[in-house]
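Colleague: no sequence on this one, just coordinates:
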């Protein structure tokens, strides 16, 4: 298939690929150990607007995954990197539990907006404050633009509609930083020094993980765990590079065919 | 002589930003010369109608507020999106879930609201909490065919203590969340202008619209064949005179200036 490639980096999605809530995918820890023996850089990438790296890491350690904090790259990390690149001070409309990933970022007299899933901030007064900032030219950085998400008691609005409201009112476009954005994958790779052509992404979300990575020039491996539903592989064009039952099979494939 | 003023028999006036600036403890203040300008329109025998997208209060409260500022205005002369929405919902058998300002609720007393099969959104201001917007979303997403009716689609407006998000921003939020298009009543919907004309018995070519919103007032009126003049008061910004899609038939400093030109044109025709 792609034997010409020299694989140097593997990106791995977390939720749905290594674990589902507090249960590890069977054999995933052992498969990760095998992958670590190969000469590849590893990055663990996830879209999250609520959980800081520390929280993610604690859960992974409880499940006996051998993962270091500096190997984790989230949509919050991507937002922080973008703030630093633009050298701006954000008004942070994010959940309190995500604030830790923005420690040390100056937020006085803000000239940028970061929006995650933060229902407690989506009231009229705070939205007006955010709107006036954006109308004065503050860039809007959206962690993601999900329309809604599922809660125990039904569907609830995600950050997307509120980002859209501000975009319409100010006649501007937000920069979205999470998966499936191309820049997300490129930023996640940056610290490995590898190019997209030298990387593969493993994930359970056909559009956001596999489609996004392939669009950034990587190979994409779809696993049939987590949110995978039969037929998902048909949802993107080009199709996933390969489809595997779960993370251990994906590792087997890499060790056998890509190294 | 400005051609927009020729043979005008009927005047449609936007209210906020043309007659008065809203906000503050007294609810706002009259724009200089506007009280007198309205009186001069009446004295000249021109037909007159007030066309507003404001949806924070019923028409009678709205008229009372303007009377306090000194304007000669009655509830019957106000064309507002609330009554237009009520007509539409009755015609189509719609029972709304209401996401509106508390002061607008009496406008919908005559309409059934149990077991809602649509959402009606207005400028709800403080009522635009996450919980309330989410509740409207849940009603929509659980309908087989979600229907969203919006009282106007303005982006923002100016109050004395700053700019505020208008209903359009929240309409867009719900459109995006449910992947639907709202039905807009009020400006710039052609039905809104046409019903205002019908209510005063005037034809589009006899009328002129005067407003401060280049898209909703000027563009909206022009799409119905009504001439339209932009005032440099209210939310006006100089860039409005170079708008990529809409060119007004005239630009004036304020309502008093517009009326000066209108009356001079009538005098020269007599």
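Modeller: Yes, it's here. Quick caveat: nothing in here was measured; it's all calculated off a predicted structure. Residues are numbered from 1 along each chain as shown, chains lettered A, B, ... in the order given.
Colleague: For residue A:187, which non-adjacent residue is closest in space?
Modeller: residue A:78 (5.4 Å; C-beta to C-beta, 6 or more residues apart in numbering or on different chains). For every residue, glycine as well, the C-beta is placed using N, CA and C.
Colleague: Sorry, wrong one. I was asking about residue B:263.
Modeller: residue B:44 (5.8 Å).
Colleague: Same check on residue A:140?
Modeller: residue A:174 (3.9 Å).
Colleague: residues contacting that neighbour?
Modeller: A:115, A:140, A:141, A:142, A:145, A:163, A:166, A:167 (C-beta atoms under 8 Å, 6 or more residues apart in numbering or on different chains).
Colleague: Do you know the pLDDT at it?
Modeller: Per-residue confidence (pLDDT) for residue A:174: 97.
Colleague: ditto for residue A:107
Modeller: 96.
Colleague: who in the stretch 151-259 of chain A is up against chain B?
Modeller: Contact residues, the stretch 151-259 of chain A versus chain B (C-beta under 8 Å from any C-beta of the partner chain): A:154-158, A:160-162, A:164-171.
Colleague: So how do I select the buried members of those in PyMOL?
Modeller: Restricted to buried positions by 16 or more other C-beta atoms under 10 Å in any protein chain shown, the PyMOL selection for these reads:
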select buried, chain A and resi 155+156+157+158+160+161+162+164+165+166+167+168+169+170
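Colleague: Mark out where each domain of chain B begins and ends.
Modeller: Structural domains annotated on chain B: B:3-80+B:188-269, B:92-185, as defined by automatic domain parsing.
Colleague: Is there proximity between the last one and chain A?
Modeller: Yes. Using C-beta under 8 Å from any C-beta, a contact is recorded between domain B:92-185 and chain A, made by B:125-130, B:133-134, B:137-138, B:141, B:155-156, B:162-166, B:168-170, B:172-179.
Colleague: For chain B, see how far away residue A:220 is.
Modeller: According to C-beta to the nearest C-beta, to the nearest Å, residue A:220 and chain B sit 26 Å apart.
Colleague: quick revisit: state the pLDDT value of the residue nearest to residue A:187.
Modeller: We note a pLDDT of 95 for residue A:78 in this prediction.
Colleague: That one: what's it in contact with?
Modeller: A:177, A:178, A:183, A:184, A:187, A:188.
Colleague: Could I get the buried residue list for the helix or strand hosting it?
Modeller: Element membership for residue A:78, per DSSP states H and E: helix A:75-86. Neighbour counts over helix A:75-86 (16+ other C-beta under 10 Å) mark A:75, A:76, A:77, A:78, A:79, A:80, A:81, A:82, A:83 as buried.
Colleague: May I have the strands that pair with the next helix or strand after it, each with its orientation?
Modeller: As assigned by DSSP H and E, the chain's next helix or strand after helix A:75-86 is strand A:90-93. Strand A:90-93 pairs in its sheet with strand A:112-115 (parallel), by DSSP bridges.
Colleague: check contacts around residue B:47.
Modeller: So residue B:47 contacts B:9, B:10, B:11, B:200, B:201, B:202 (C-beta under 8 Å, 6+ apart).
Colleague: Among the residues you listed, which one has the most neighbours?
Modeller: Ranked by neighbour count (other C-beta atoms under 10 Å in any protein chain shown), the contacts of residue B:47 have residue B:11 at the top, with 26 neighbours.
Colleague: Can you tell me the SS state at it?
Modeller: When classified by DSSP: H, G, I helix; E, B strand; the rest coil, residue B:11 comes out as strand.
Colleague: okay, residue B:221: pLDDT?
Modeller: pLDDT, residue B:221: 97.
Colleague: close enough to count as contact, it and residue B:193?
Modeller: Yes. Using C-beta atoms under 8 Å, residue B:221 makes contact with residue B:193 at a distance of 5.6 Å.
Colleague: related to what we said a few turns ago, from the residues of domain B:92-185 next to chain A, list just the buried residues.
Modeller: Applying 16+ other C-beta under 10 Å to the residues of domain B:92-185 next to chain A flags B:125, B:127-130, B:133-134, B:137-138, B:141, B:155-156, B:163-166, B:168-170, B:172-178 as buried.
Colleague: and the closest residue to residue A:75 other than its chain neighbours, how many neighbours does it have?
Modeller: Among residues not flanking residue A:75 along the chain, residue A:178 sits closest, at 3.4 Å (C-beta to C-beta, 6+ apart). Using other C-beta under 10 Å, residue A:178 has 25 other residues around it.
Colleague: Same check on residue A:207?
Modeller: Count around residue A:207 with other C-beta under 10 Å applied: 14.
Colleague: ok, now which ones touch it?
Modeller: A:180, A:235, A:236.
Colleague: ok, now with 6 Å
Modeller: With contact set as C-beta atoms under 6 Å, 6 or more residues apart in numbering or on different chains, residue A:207 has no partners.
Colleague: count of neighbours near the nearest residue to residue B:186 once chain neighbours are set aside?
Modeller: In space, residue B:186 comes closest to residue B:81 once its chain neighbours are excluded; the distance is 3.2 Å by C-beta to C-beta, 6+ apart. Close neighbours of residue B:81, defined as other C-beta under 10 Å, add up to 29.
Colleague: And residue B:81, how far from residue A:91?
Modeller: 33 Å (C-beta to C-beta, to the nearest Å).
Colleague: Which positions within stretch A:116-129 qualify as buried?
Modeller: A:116, A:117, A:118, A:119, A:121, A:122, A:123, A:124, A:126, A:127, A:128, A:129.
Colleague: Those residues also near chain B: which ones?
Modeller: A:119, A:122, A:123, A:124, A:127, A:128 (C-beta under 6 Å from any C-beta of the partner chain).
Colleague: phi, psi of residue B:79?
Modeller: Backbone torsions for residue B:79, taken as degrees, to the nearest 10, come to phi -100, psi 120.
Colleague: what two of the buried residues of helix A:75-86 are the furthest from one another?
Modeller: A:75 and A:83 (12.8 Å; C-beta to C-beta).
Colleague: quick one: secondary structure of residue B:119?
Modeller: Classified using three-state DSSP, residue B:119 is strand.
Colleague: Report the mean confidence score over the host helix or strand of residue B:257.
Modeller: Using DSSP H and E, the element containing residue B:257 is helix B:255-269. For helix B:255-269, mean pLDDT rounds to 93.
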